[in-house]
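> Model the following, please.
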Amino acid sequence: MAMEILLWVLKSALWALVFSFLSVVIKGRKNIKRAVGFFHPYTNDGGGGERVLWCAVKAIQEENPNLDCIIYTGDHDASPESLSGRAVDRFGVELLYPPQVVHLYKRKWIEEGTYPRFTMFGQSFGSVYLSWEALSKFTPLFYFDTSGYAFTYPLARMFGCKVICYTHYPTISLDMISRVWERSSMYNNDALISRRVTYSGQSFAWRFASIWLSRCKVIYYTFFSWIYGIVGSCTHLAMVNSSWTQSHIEKIWRIPERTKRVYPPCDTSGLQVLPLERPVKTPTIISVAQFRPEKAHTLQLEAFSVAIRKLDAESPRPKLQFVGSCRNTWDEERLQNLKDKAIELKVDKDVEFYKNLVYRDLVRLLGGAIAGIHSMIDEHFGISVVEYMAAGAIPIAHNSAGPKMDIVLQENGQQIGFLARDVEEYADAILKILMMPETDRLEMAAAARRRAGRFSEQKFYEDFKAAISPILCHASN
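Sure thing, here's the model as predicted:
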């Protein structure tokens, strides 16, 4: 109790100091316009976050046509017409009218390559600088963050904005802290920190360094989590995309009364018209995800390689299709490394890569797949998993977070897919689908498609409008 009181006092003192200082700096700068400003620095990422952006813009245009929609983007070639066209071409979302665009030129301050160490802190405070540029150029009545930059919320409030956010994934979660305690190596936990060395000679030195670095990182994560809780609590409305995200946000931000779960929009209607019957000569498995480290594409490739080696000689040889987008040169490098890995595993002739596909081509590929694979640990929700199901492809998803808690559940007692954690489990799931009788596959695919209907785009619009209506009504006052 004493510690909680101390933290409350420190929190109050910190905010009093920050507000008193910045209020003086910002005083006189306020020129608030009746608009909704969407802070989305990467409008070309091509992932589920971008789909949410365009569906959110459309929902607000429908709910309150008198409010202008502004997009803050670091893509310098973006224009109202190009973004409106992209929403249709890439996601099938037709906006009522093109949004206005405010170009940002400080985006390098939120790029991961700018911060080789202390990346979370660097990107978070860099986002404040980028948000300052955005709000200085155009101050909207409503500031809407759709990219997870919670550190910008206090600044937006100081500019006089009502703050709304749609959080896909907490910047820091309790799971991340526990993994550092357990010294588990992941894409965001350096191997030196997580290493458990047992060989002689350097054993003691390596183990001491690993333990010491792990303890330091726990302190770093704990401190960051505390600050993240403070800035996140500044939002007037926090929409979250899954049960897993909601649980973590409520524990860290501690504003359950202002936290609403709104499942992301999935194109179930457009995909559900695809026939469930698939070509059997060359069964295809599809993987739809941005080429980012947390998506664990290498695990999928290794599992596919293991499955092929275990496959009977008489069985048709499957094909794996990677479909994703690249945001920058680091993503491009990851894609090339994946291609090299396919050659190393001797499955390059069975693997196809598709970068930055337009929406109609993605639908075509989904319509030919018998299964869809997903392997991100603690995926906040998993739009691609729902898209697999709606298209009639049996999902193989990671046994954690969104897919485990919300999506790959039984539908009226019928199994709809598989959950896996490591290469062997993924390979076994692939083999089960490949060896499954066609009648059983069709039955499972049909059940998966029925469940996908729970996460439709129409359902998103209904829940989204219900959540934002109390906030937007401020515009009428």
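
> So residue 257: helix, strand or coil?
Here residue 257 is helix, with the state taken from DSSP: H, G, I helix; E, B strand; the rest coil.

> hey, where'd the strands end up in the stretch 101-250 of the chain?
140-145, 162-167, 237-240 (DSSP state E, counting those that start in this stretch).

> Now for this protein, the helix or strand with the poorest mean pLDDT.
In the chain, no helix or strand scores lower on mean pLDDT, DSSP states H and E than helix 191-194, which sits at a mean of 44.

> Wait, residue 408 touches residue 417, no?
Yes. Here residue 408 lies in contact with residue 417, judged by Cβ atoms under 8 Å, at a distance of 4.7 Å. C-beta here means a position set from N, CA and C on the backbone, and glycine is covered the same way.

> just to revisit the earlier point, mean pLDDT, mean neighbour count and distance to residue 247 added to the strands of the stretch 101-250 of the chain, as JSON lines?
Shown next, in JSON lines, are these (pLDDT from 0 to 100; neighbours: other Cβ atoms under 10 Å; distance: least, Cβ to Cβ, whole Å):
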{"stretch": "strand 140-145", "mean pLDDT": "97", "mean neighbour count": "26", "distance to residue 247": "20"}
{"stretch": "strand 162-167", "mean pLDDT": "97", "mean neighbour count": "24", "distance to residue 247": "12"}
{"stretch": "strand 237-240", "mean pLDDT": "98", "mean neighbour count": "26", "distance to residue 247": "9"}
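
> Output the below-cut-off pLDDT ranges for the chain.
Within the chain, the stretches falling below the threshold (pLDDT under 70) are 1-30, 177-213, 474-477.

> show me the contacts for residue 434.
By Cβ atoms under 8 Å, 6 or more residues apart in numbering, residue 434 lies in contact with 283, 307, 311, 315, 318, 370.

> I'd say the fifth one and residue 283 touch.
Yes. In this structure, residue 318 sits in contact with residue 283. The criterion is Cβ under 8 Å, and the distance is 4.7 Å.

> can you pull out the helices in the stretch 201-350 of the chain?
With helices called from DSSP state H, counting those that start in this stretch, the stretch 201-350 of the chain shows them at 203-232, 243-253, 268-271, 297-310, 329-344.

> Which one, of these, ends up nearest to residue 91?
helix 268-271 (10.0 Å; Cβ to Cβ).

> How about residues contacting the closest one?
Applying Cβ under 8 Å, 6+ apart, the contact partners of helix 268-271 are 92, 363, 366-367, 386-387, 390-392, 452-453, 455-458.

> Drop anything exposed from these.
92, 363, 366-367, 386-387, 390-392, 452-453, 455-457 (16 or more other Cβ atoms under 10 Å).

> so what's the residue nearest the centre of the chain up against?
Nearest to the geometric centre of the chain sits residue 168, at 5.2 Å (Cα atoms, centre = their mean). Counting by Cβ under 8 Å, 6+ apart, residue 168 touches 48-49, 52, 148, 241, 245, 264, 380-381.

> one more time with 6 Å, if that's ok
49, 241, 380 (Cβ atoms under 6 Å, 6 or more residues apart in numbering).

> tell me which of those is nearest to residue 343?
Taking the contacts of residue 168 together and measuring to residue 343 by Cβ to Cβ, the closest member is residue 49, at 31.5 Å.

> How much space separates that closest one from residue 112?
Separation of residue 49 from residue 112 (Cβ to Cβ, to the nearest Å) stands at 16 Å.

> Neighbour count: these two, which is higher?
More crowded of residue 49 and residue 112, by other Cβ atoms under 10 Å: residue 49, with 20 against 15.

> What sits closest to that one if chain neighbours are left out?
Spatial nearest neighbour of residue 49, chain neighbours left out: residue 168 (5.6 Å); criterion: Cβ to Cβ, 6 or more residues apart in numbering.

> go on, residue 358?
Once flanking residues are discounted, residue 358 sits nearest to residue 89: 5.0 Å by Cβ to Cβ, 6+ apart.

> Likewise for residue 169?
Computed as Cβ to Cβ, 6+ apart, the closest residue to residue 169 that is not its neighbour in sequence is residue 380, at 4.2 Å.

> ok, residue 444 - contacts?
Listed by Cβ under 6 Å, 6+ apart, the contact partners of residue 444 are residue 394.

> can you check residue 265 too?
By Cβ under 6 Å, 6+ apart, the contact set of residue 265 is 55, 457, 460.

> Over to it: give its phi and psi.
In terms of degrees, to the nearest 10, the main-chain angles of residue 265 are phi -80, psi 120.

> neighbours of residue 273, just the number please.
Neighbours around residue 273, by other Cβ under 10 Å: 10.

> separation between it and residue 346?
Residue 273 is 38 Å from residue 346, where distance means Cβ to Cβ.

> mind checking which of the helices of the stretch 201-350 of the chain is nearest residue 126?
helix 203-232 (13.8 Å).

> Show me the beta-bridge partners of residue 420.
Residue 420 forms beta bridges with residue 398, as assigned by DSSP bridges.

> From residue 355, how far off is it?
Distance, residue 420 to residue 355, using Cβ to Cβ: 26 Å.

> Those two: which is more packed in?
Between residue 420 and residue 355, residue 420 has the larger neighbour count (other Cβ under 10 Å), namely 21 against 14.

> roughly how far apart are that one and residue 274?
25 Å.

> Check residue 412 too.
Separation of residue 412 from residue 274 (Cβ to Cβ) stands at 22 Å.

> go on, residue 75?
For residue 75, the distance to residue 274 - Cβ to Cβ - is 31 Å.

> List phi and psi for residue 278.
phi -130, psi 160.

> what about the residue nearest to it when sequence neighbours are not counted, how many neighbours?
Computed as Cβ to Cβ, 6+ apart, the closest residue to residue 278 that is not its neighbour in sequence is residue 370, at 4.9 Å. A count of neighbours around residue 370, defined by other Cβ under 10 Å, yields 22.
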